[in-house]
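Student: prediction below, plus the sequence it came from.
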Amino acid sequence: MDVSSVKEWPDTPGVYVVWGEDSGSRPTYVGMANSLRRRWSRDHLSGQSNRSALRRTLGTHLSLTSQKLRKPKPAYPRDVEKEITKFLNGCQIDLHVTVSAEEAAELERVLIASLNPLLNVQRSKTQKGDN
């Protein structure tokens, strides 16, 4: 899907796969949301990285800044935030609608493991607290 159609995206749980121009055969990022539409319009496209791990990571991935933004800082400088939004607007997004947030979390885990996205960090079960 094209990011420009975000207002038409489903207001349901699901997983999104971000394909940036620079990602080649690996996606840039895989994430989940309780509402795909709200997650993207409110968090990823808001222009403030404090609401989005994807935006915080893109600052350094795109070489716009030397240090990843850490909470509670509200945002990168305005020019960096603009470039992140520009990058995201150029991405293609695969949406996978799910019935529940739990199903989305499981699908996200599976897709991260199988697609090996550039920006996702795979955590072990002990790091997640799932002993």
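Tutor: That came in fine, so what should we check first?
Student: what sits against the most centrally placed residue in the chain?
Tutor: Nearest to the geometric centre of the chain sits residue 54, at 4.2 Å (CA atoms, centre = their mean). The contact partners of residue 54, by CB atoms under 8 Å, 6 or more residues apart in numbering, come to 18, 29, 31, 44, 88, 119. From N, CA and C alone the C-beta is placed, and that goes for glycine too.
Student: so which of those are in helices?
Tutor: Residues of those located in helices (DSSP state H): residue 88.
Student: residue 102: which of the contacts of residue 54 is nearest?
Tutor: Closest approach to residue 102 among those (CB to CB): residue 31, at 15.5 Å.
Student: now, which of the contacts of residue 54 sits nearest residue 94?
Tutor: residue 18 (8.3 Å).
Student: still on that earlier bit, doesn't the residue nearest to the centre of the chain belong to a helix?
Tutor: Yes. With DSSP: H, G, I helix; E, B strand; the rest coil as the criterion, residue 54 is part of a helix.
Student: check which residues of stretch 27-39 are buried.
Tutor: Residues of stretch 27-39 classed as buried: 27, 28, 29, 30, 31, 32, 33, 35, 36, 37, 39 (neighbour count, 16 or more other CB atoms under 10 Å).
Student: can you pull out the helices in this structure?
Tutor: In the chain, the segments counted as helices under DSSP H are 36-38, 53-61, 78-89, 101-115, 125-128.
Student: most packed of those helices?
Tutor: The highest average neighbour count among these, using mean count of other CB atoms under 10 Å, belongs to helix 53-61 at a mean of 21.
Student: what bridges to residue 31?
Tutor: On the basis of DSSP bridges, residue 31 takes part in beta bridges with residue 16.
Student: correct me, but it touches residue 18?
Tutor: Yes. Applying CB atoms under 8 Å, one finds residue 31 in contact with residue 18, separated by 7.5 Å.
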